[in-house]
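Novice: the following block contains a protein sequence and its predicted model.
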Amino acid sequence: MFPQRGEFSLPHRATLAQRWENLQRIGRIPAEASTRSGEAGSATSGFAANLLGGNLGVMTAGSALRQMLPGDHAACRALWERDPAIGLSDADSECAIAAYLERNPGGSFVAVVGDEVVGTILCGHDGRRGYIHHLYVAPGHRMLGLGRQLVEAGLDYFGREGLGKCHLFIFGTNEPGKHFWRRVGFVQRDDLDVFSFSLSDSAPC
């Protein structure tokens, strides 16, 4: 079955700081959360400033976001291989992901607890639209807001790149995934089909 596509129009989302404040207000983010660097100031302003500068701060107790690095590939790949809802190919090899990160600097993120990678998101664009791949949070760290914060980081990146909309692809049988994306504001497109063409049978690098 071909993946279905969802989209998100960036001008209609709240700013990261507003979302952070909303999550604090409803108790999803601890009010005492501070930035990873320990700078003074509110958690909202510190986190937003760090995010815009590429130095991400603490999201929930014991966890933090930071930009994905090529050296994270093994840990990320181990997470992706756990879930059949994530389609893997030669495009997910170590060298291919390194090339993707170089092509889209500052757009992909990992959630970490200590030194352990527990969540991922790949974000890139073609200059016209943004695309999200491989959003994943390890089962033991779900329902803590990590997935939502990874999405927020990706959307903020798209906004800084001047993009007005982003898309993602999801397998038609992945009902939990569809539910999550609807909850965070994405709209499922039923008027489109996906066509693919393989340019090469070999690995990209």
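Specialist: Nice, I can see it.

Novice: for the rest of this, base every contact and every neighbour count on C-alpha atoms.
Specialist: OK.

Novice: for Leu144, phi and psi?
Specialist: Phi and psi for Leu144, reported as degrees, to the nearest 10, are phi -120, psi 0.

Novice: now it: how far from Gly119?
Specialist: 12 Å (CA to CA, to the nearest Å).

Novice: repeat that for Asp90.
Specialist: For Asp90, the distance to Gly119 - CA to CA - is 21 Å.

Novice: cool, Asp191 as well?
Specialist: Distance from Asp191 to Gly119, by CA to CA: 31 Å.

Novice: so where's the longest strand in the chain?
Specialist: Counting residues, the longest strand found in the chain (DSSP state E) is strand 116-125.

Novice: output whichever helix or strand comes after that one in CSV with nothing but the alpha carbons.
Specialist: Once strand 116-125 ends, the next helix or strand along the chain (criterion: DSSP states H and E) is strand 130-137. Extracted C-alpha coordinates of strand 130-137, given in CSV (Å, rounded to 0.1, in the frame of the first residue of the first chain):
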residue,chain,number,x,y,z
GLY,A,130,9.1,21.1,3.6
TYR,A,131,9.1,17.3,4.2
ILE,A,132,9.1,15.4,7.4
HIS,A,133,10.5,11.9,7.7
HIS,A,134,11.0,9.4,10.5
LEU,A,135,9.4,10.9,13.5
TYR,A,136,9.8,8.3,16.2
VAL,A,137,9.8,8.2,20.0
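
Novice: let the chain start at 54 from now.
Specialist: With the count now opening at 54, the last piece we talked about shows up as strand 183-190.

Novice: whichever helix or strand comes after strand 183-190 - what's its average pLDDT?
Specialist: Next along the chain after strand 183-190, taking DSSP H and E as the criterion, comes helix 199-213. Averaging pLDDT along helix 199-213 gives 96.

Novice: quick one, the very next helix or strand once past helix 199-213 and strand 169-178 angle?
Specialist: Using DSSP H and E, the helix or strand that follows helix 199-213 in sequence is strand 218-224. Interaxial angle, strand 218-224 versus strand 169-178 (axes from the mean of the first three to the mean of the last three CA atoms, to 10 degrees): 120 degrees.

Novice: quick one: mean pLDDT over the helix or strand following strand 218-224.
Specialist: Toward the C-terminus, strand 218-224 is succeeded by helix 228-236 as the next helix or strand (DSSP H and E). The pLDDT scores in helix 228-236 average 96.

Novice: with only the CA atoms kept, save helix 228-236 in CSV.
Specialist: Listed next in CSV are the C-alpha coordinates belonging to helix 228-236 (Å, rounded to 0.1, in the frame of the first residue of the first chain):
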residue,chain,number,x,y,z
GLU,A,228,-3.8,4.4,12.3
PRO,A,229,-1.9,5.5,15.5
GLY,A,230,0.4,7.6,13.3
LYS,A,231,-2.6,9.3,11.6
HIS,A,232,-4.2,10.0,14.9
PHE,A,233,-1.0,11.7,16.2
TRP,A,234,-0.6,13.9,13.1
ARG,A,235,-4.2,15.0,13.2
ARG,A,236,-3.8,15.9,16.9
